[in-house]
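Undergrad: Here's my sequence, what's the structure:
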Amino acid sequence: MTIDRLHRSPETPEWRRSVPYLLLAIALHAALLFYPMRMVSGMLKAMPPLSATLKMEQAAPAPVVEPAKVPPSPPPVASTSRRERPVPKPRTVIAMTPEQAASSAAFTAPAPVVAQPPATPTAPVVINPAPATFSPARFEAAYLHNPRPNYPAVSRRLGEEGKVLLRVLVSPDGRAAAVNLEKSSNFERLDEAARQAVAQWRFVPAKRGDEAVEATIIIPLLFRLED
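TA: Numbers count the residues shown, from 1 in each chain. As a prediction, this is how the structure comes out:
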C-alpha cells in the first residue's frame, strides 16, 4: 500500500495518515545528523594522532646574594673634651645665698684669656768642635838612629852606676830645644854624659791633630857595668 492510497483511504484515521510523513521526517533528520558525524569521525581517523611532550625546564637557581660586609665599628674613643652642658630650660627664679651666687657665677663665667708673651728669640747653638787628639813626642823610633851616651872611663874604673832622668823640651821640628836633669844618678859624670848625648838626638815631634806642636817628655837612661 502506497502513501497515496493511505491518504485516500476513507477507513484510515487522520493521525495514522500522518505517521508515514512523520517517520520520513525523522529519517531525513537522522540522515542529516549521521552524515556529518561520519565525516568528522573519518577525518579524525585519517588525521595522525597528535602527541604532546611536556618538557619541564629546571628554573635557573637564584643567585646567592652575599650579605654586605659591614666594617667593624671603631672602638669608642674616650672623649677627653668637656661634655657640653645642655641649655637650661627657663625655670622659676629661686633666691640664692651669696655663697651659691658666687659659686654659680664662677662656674658659668668664661675664663679670661691671658695674652701669651712674645716668644724670646733663641740664641744660636754654638757647637764646639771636638778636641783634637794629642800624640806625645817620641825618641825610641829605630829610624832616628840616636846613639847611646858614652860611659865615662873614670866612672867605669871607679865602678859608678846609676839611672838618670832627663826632661827634654822637643820642638815642632823634632829637635831638643832644652835638656834638664829630672833625677840624678848621684854621679855628676854620668849625669853630664847623659845630657850631652840627648842634646844631639832627633825626635818625633808631638802632634795635636795633624799639627806638630812643642811638647816635653821624660827620657830614662841607665848606666850599668857588665861583669
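Undergrad: Quick check, Val168 in contact with Ala176.
TA: Yes. The criterion here is Cβ atoms under 8 Å, and Val168 meets it with Ala176 at 5.2 Å. Just so you know, the C-beta spots here come from the backbone N, C-alpha and C atoms, and that holds for glycine as well.
Undergrad: Mutual contacts of these two, please.
TA: Common contacts of Val168 and Ala176 (Cβ atoms under 8 Å, 6 or more residues apart in numbering): Val198, Phe203.
Undergrad: if I pick Ser171, what's in contact with it?
TA: Ala177, Pro205, Glu214.
Undergrad: all strands for this protein, in order.
TA: 134-135, 162-170, 176-183, 206-208, 211-213, 215-223 (DSSP state E).
Undergrad: Mind giving me the packing neighbours of the fifth one?
TA: With contacts taken as 3 or more Cβ pairs under 8 Å, 6 or more residues apart in numbering; DSSP states H and E, strand 211-213 sits against strand 206-208.
Undergrad: strands paired with the strand it packs on, and their directions?
TA: Its sheet considered, strand 206-208 pairs with strand 134-135 (antiparallel), strand 211-213 (antiparallel) by DSSP bridges.
Undergrad: Redo those as JSON lines? Include mean neighbour count.
TA: Output for the strands paired with strand 206-208, formatted as JSON lines (neighbours: other Cβ atoms under 10 Å):
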{"stretch": "strand 134-135", "mean neighbour count": "13"}
{"stretch": "strand 211-213", "mean neighbour count": "15"}
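Undergrad: ok, of those strands, where does mean pLDDT dip lowest?
TA: Note on those: strand 134-135 shows the lowest mean pLDDT, a mean of 91.
Undergrad: sorry, back to before: can you list the strands of the chain in JSON lines and add distance to Asn146?
TA: As requested, those are exported to JSON lines (distance: least, Cβ to Cβ, whole Å):
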{"stretch": "strand 134-135", "distance to Asn146": "19"}
{"stretch": "strand 162-170", "distance to Asn146": "12"}
{"stretch": "strand 176-183", "distance to Asn146": "10"}
{"stretch": "strand 206-208", "distance to Asn146": "17"}
{"stretch": "strand 211-213", "distance to Asn146": "19"}
{"stretch": "strand 215-223", "distance to Asn146": "10"}
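Undergrad: Tell me how far Asp210 lies from Ala142.
TA: Relative to Ala142, Asp210 is positioned 24 Å away (Cβ to Cβ, to the nearest Å).
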